[in-house]
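>>> Need the 3D shape of this:
(one chain, ligands or ions: 1)
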Amino acid sequence: MKLPGNVVLISGASSGMGAALAKNFAKEHCKLVLCARREDKLKELAETLKKETDCIYKTCDVKNKSDVDEVVRFAYKSYGRIDIAILAAGILIPNPIESFDSSIIKESMETNFLGDVYFIESLLPIMKKQKSGVIASISTLPDKRGVPGWGAYGASKAALSWMMESLRSEAKQKYNIDIITIKPGSVKTPMIEGFYRQGAISVEQAADYITRGIKQGKKIIQFPLAQVLMIRMQDLFPVVVYDKIPIELQKGKGYPTAKEKELKE
Ligand SMILES: NC(=O)c1ccc[n+]([C@@H]2O[C@H](COP(=O)([O-])OP(=O)(O)OC[C@H]3O[C@@H](n4cnc5c(N)ncnc54)[C@H](OP(=O)(O)O)[C@@H]3O)[C@@H](O)[C@H]2O)c1
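Here you go, the predicted structure:
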């Protein structure tokens, strides 16, 4: 895929991979629309990128469908088309078994899963009309098996991977829309600050993997190789073996300790 001139909308552009991707796509001379909740961060990044390309931004809380609709409308009205949408907004909140909390699961599902669903709902009519487009959503590498303590995050990302997979062939065959699932291993971004993650790669490396994958027309972009091999091998472990992996190892260093919830009688 040739990138120059393409209109690229990026959610979660105020930080981490979203911001690094914005820099990459600016270098590729794409026209950018950035969104996230923190306006100061978006403004700062957009002002830098404007030196290289057209770049506009709008605040948006992806948990609000109307915010998402407005961003998509803003992008479409401003540039007359949307060629690529990279959905990078996300949160990571531990949900320890000791204080198992449905509100954390709700927050994770609303941000990591429904947020992207709202974007897809809003983008599809535009891309169908264009008869082209790319929707690339960031899930996670371990999207097939549960990980102790990380069930809220994992459930939201597994749902996302499943939905992207379900859309992929039909979107391509009927409307020439490319659906891409991005599955990063550990990447050093503010999201994992404080959590020790072995083999975490830099945010620039991650953005390069993603940019290259989109250019090459990959449908699933997973990286880095060492982590891909490890996680996909673990996916094959029988339950009796999988359940023997030490819990603390799976949670990772820095995982918070939590008090037991009291039984309400
Ligand atoms: N880092 C990793 O190791 C890793 C691994 C696999 C997958 N991922 C996924 O990669 C994506 C990018 O994460 P990152 O690592 O780059 O983390 P990050 O630096 O924390 O960035 C997360 C981005 O999401 C935005 N965001 C969060 N909640 C939002 C909301 N309700 N509405 C709008 N924007 C929201 C944040 O912006 P505001 O706070 O300004 O809204 C921020 O720009 C996420 O989907 C994450 O789950 C990360």
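>>> Please count neighbours and contacts with C-alpha atoms only from this point.
Noted.
>>> How about the residues of the chain by the ligand?
Within the chain, the positions lying close to the ligand (Cα under 6 Å from any ligand atom) are 12-18, 36-38, 60-63, 88-91, 111, 138-140, 184-192.
>>> now, which of those lie within helices?
If you go by DSSP state H, the residues of the chain next to the ligand have 16-18 in helices.
>>> looking at those residues, which has the most residues close by?
residue 17 (27 neighbours; other Cα atoms under 10 Å).
>>> who's in contact with it?
Residues near residue 17 by Cα atoms under 8 Å, 6 or more residues apart in numbering: 88, 189, 203-204, 206-207.
>>> Which two among the residues you listed are spaced furthest apart?
Greatest spatial distance in these: 88 and 204, 14.5 Å, computed using Cα to Cα.
>>> More neighbours: which of those two?
Using other Cα under 10 Å as the criterion, residue 88 and residue 204 rank with residue 88 on top: 26 against 18.
>>> Residue 14 is in contact with the more buried one, correct?
No: in terms of Cα atoms under 8 Å, residue 88 does not count as a neighbour of residue 14; the distance is 10.0 Å.
>>> packing partners for the helix ranked longest in the chain?
Counting residues, the longest helix found in the chain (DSSP H) is helix 151-175. With contacts taken as 3 or more Cα pairs under 8 Å, 6 or more residues apart in numbering; DSSP states H and E, helix 151-175 sits against helix 102-108, helix 115-130, strand 177-184.
>>> Deepest in the core, which of the ones you listed is it.
Among the helices and strands packed on helix 151-175, strand 177-184 has the highest mean neighbour count (mean count of other Cα atoms under 10 Å), at a mean of 24.
>>> now what about whatever helix or strand comes next after that strand, what contacts it?
Downstream of strand 177-184, the next assigned helix or strand under DSSP states H and E is helix 203-215. Contact with helix 203-215 is made by 1-3, 16-17, 20-21, 24-25, 182, 184, 187-189, 221, 223, as judged by Cα under 8 Å, 6+ apart.
>>> I'd like the average pLDDT over helix 203-215.
Taken as a whole, helix 203-215 has an average pLDDT of 98.
>>> Provide the strand pairings for the helix or strand following it, with the direction of each partner.
Scanning forward in sequence from helix 203-215 by DSSP H and E, the next helix or strand is strand 220-223. The strands beside strand 220-223 in its sheet (DSSP bridges) come out as strand 177-184 (parallel).
>>> and the partner strand with helix 115-130, angle?
Angle of strand 177-184 versus helix 115-130, following axes from the mean of the first three to the mean of the last three Cα atoms, to 10 degrees, is 150 degrees.
>>> Could you tell me the angle between strand 177-184 and helix 151-175?
150 degrees.
>>> angle of strand 177-184 against helix 203-215?
150 degrees.
>>> The residues of the chain next to the ligand, buried ones only, as a PyMOL selection?
Of the residues of the chain next to the ligand, the buried ones go into a single PyMOL selection, burial set by 16 or more other Cα atoms under 10 Å:
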select buried, resi 12+13+14+15+16+17+18+36+37+38+60+61+62+63+88+89+90+91+111+138+139+140+184+185+186+187+188+192
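>>> give me every residue that touches the nearest residue to residue 101 once chain neighbours are set aside.
In space, and not counting its chain neighbours, residue 101 is closest to residue 95: 6.6 Å by Cα to Cα, 6 or more residues apart in numbering. Contacts for residue 95 (Cα under 8 Å, 6+ apart) come out as 101, 104-105, 149-152.
>>> By neighbour count, which of these wins?
residue 152 (26 neighbours).
>>> From residue 49, how far out is that residue?
35 Å (Cα to Cα, to the nearest Å).
>>> is it true that residue 187 touches residue 200?
Yes: using Cα under 8 Å, residue 187 makes contact with residue 200 at a distance of 4.9 Å.
>>> hang on, the earlier thing: redo the ones in helices among the residues of the chain next to the ligand as TSV? Include pLDDT.
Below are these laid out as TSV (pLDDT from 0 to 100):
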residue	pLDDT
16	98
17	98
18	98
